[in-house]
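In: compute the structure for the input listed below.
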Amino acid sequence: MQKLFKVVGMVLILGNLSACVSSADFDQSQSNSVGSPELQNQENQAQNFEDNSSESLGQKNARNQAESYLKIMHFSRTSLIEQLEFEGYSLEEATYGVDALNVDWKDQAAGKAQDYLNQMAFSRSGLIEQLVFEGFTQEQAEYGVSVAGY
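Out: Take a look at the predicted model:
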């Protein structure tokens, strides 16, 4: 069952990522439907990090990449770090990049839950299980499912 969830999750991720292959075509004003004010706050906080001269190039690029991903889709902290590692960032760079944004992971869970419900039917417990499988905490998953209507 978890293999099915992993495959479905990867299909959703790949489908969403293919829409943003060209960063030149990306509309900077676009934001997640869940937690938009928080994303705006993240952008302001990220701007502050750009002035930080102690930030390495790898850390800066990981932070910018994490921010780009969060503008187009919802992630758990764990899955976003894993995605950055997959792209070649070190664990330290990926972790820094994600944590530098001060993301509201409950809002991310709510958005991810809604994304899943837009694609297929889930029971409440099945959706919570899927979100936990993707790296959300139990609390984040339960919150996300509740916000999504369960």
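In: now do the contacts for the closest residue to Ala109 other than its chain neighbours.
Out: Excluding its sequence neighbours, the residue lying closest to Ala109 (Cβ to Cβ, 6 or more residues apart in numbering) is Gly144, at 2.9 Å. C-beta: built from backbone N, CA, C; applies to glycine. Contacts for Gly144 (Cβ atoms under 8 Å, 6 or more residues apart in numbering) come out as 106, 108-113, 131, 136.
In: checking Gly144 next. Helix, strand or coil?
Out: helix (DSSP: H, G, I helix; E, B strand; the rest coil).
In: state the distance from it to Val98.
Out: Using Cβ to Cβ, to the nearest Å, Gly144 is found at 18 Å from Val98.
In: for Ser125, same thing?
Out: Between Ser125 and Val98 the computed distance is 28 Å (Cβ to Cβ).
In: who has more neighbours out of those two?
Out: More crowded of Ser125 and Val98, by other Cβ atoms under 10 Å: Val98, with 26 against 10.
In: was I right about the more buried one contacting Ala66?
Out: Yes. Using Cβ atoms under 8 Å, Val98 is in contact with Ala66, at 5.0 Å.
In: what's the overlap in contacts for the two?
Out: When contacts are counted by Cβ under 8 Å, 6+ apart, Val98 and Ala66 have 80, 84 as shared neighbours.
In: low-confidence ranges in the chain?
Out: By pLDDT under 70, the low-scoring segments of the chain are 1-53.
In: please parse this protein into its domains.
Out: As given by automatic domain parsing, the domain ranges for the chain are 36-103, 104-150.
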